[in-house]
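Participant: here is a sequence together with a model predicted from it:
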Amino acid sequence: MANRNIQLLIRLLVILVPTYTVAYITNAMIYTMPMLAACTLLAANLFNDDETEIRVDEDGSDGSDGGDLDG
């Protein structure tokens, strides 16, 4: 649990520090949105999350398309 909190803190710092630095230096919000997007992509890929599971919706496994609207 502590490891995940440290990873979260690092991700937040990677996103917030450059974004607020750009906002403070430029005094314009137009430059912060691309910086926010870039830092979010970077922070999302910082760590190898083997704990992430692939979720698949299994509701439609009976073979029908499930969308018969004609009655």
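Facilitator: Thanks, I have the structure now.
Participant: where does the closest residue to residue 22 other than its chain neighbours fall, phi/psi-wise?
Facilitator: If the residues on either side of it in the chain are set aside, residue 22 comes closest to residue 35, at 4.7 Å by C-beta to C-beta, 6 or more residues apart in numbering. Any C-beta I mention is one placed from the backbone N, CA and C, and that applies to glycine too. Backbone geometry at residue 35, expressed as degrees, to the nearest 10, gives phi -70, psi -40.
Participant: equivalent analysis for the one 10 residues further on, please.
Facilitator: For residue 45, the backbone dihedrals are phi -110, psi 20 (criterion: degrees, to the nearest 10).
Participant: quick one: neighbours of it, just the number.
Facilitator: Residue 45: 10 surrounding residues under other C-beta atoms under 10 Å.
Participant: with residue 55 instead?
Facilitator: Applying other C-beta under 10 Å, we find 6 residues neighbouring residue 55.
Participant: helix, strand or coil for it?
Facilitator: Reduced to three states with DSSP: H, G, I helix; E, B strand; the rest coil, the structure at residue 55 is coil.
Participant: any idea of the pLDDT on it?
Facilitator: At residue 55, the pLDDT value in this model is 71.
Participant: got it, and residue 59?
Facilitator: 65.
Participant: go on, the one 10 residues further on?
Facilitator: In the predicted model, residue 69 carries a pLDDT score of 64.
Participant: also residue 66?
Facilitator: So residue 66 comes in at 59 (pLDDT).
Participant: next one: phi and psi at residue 28?
Facilitator: phi -140, psi 130.
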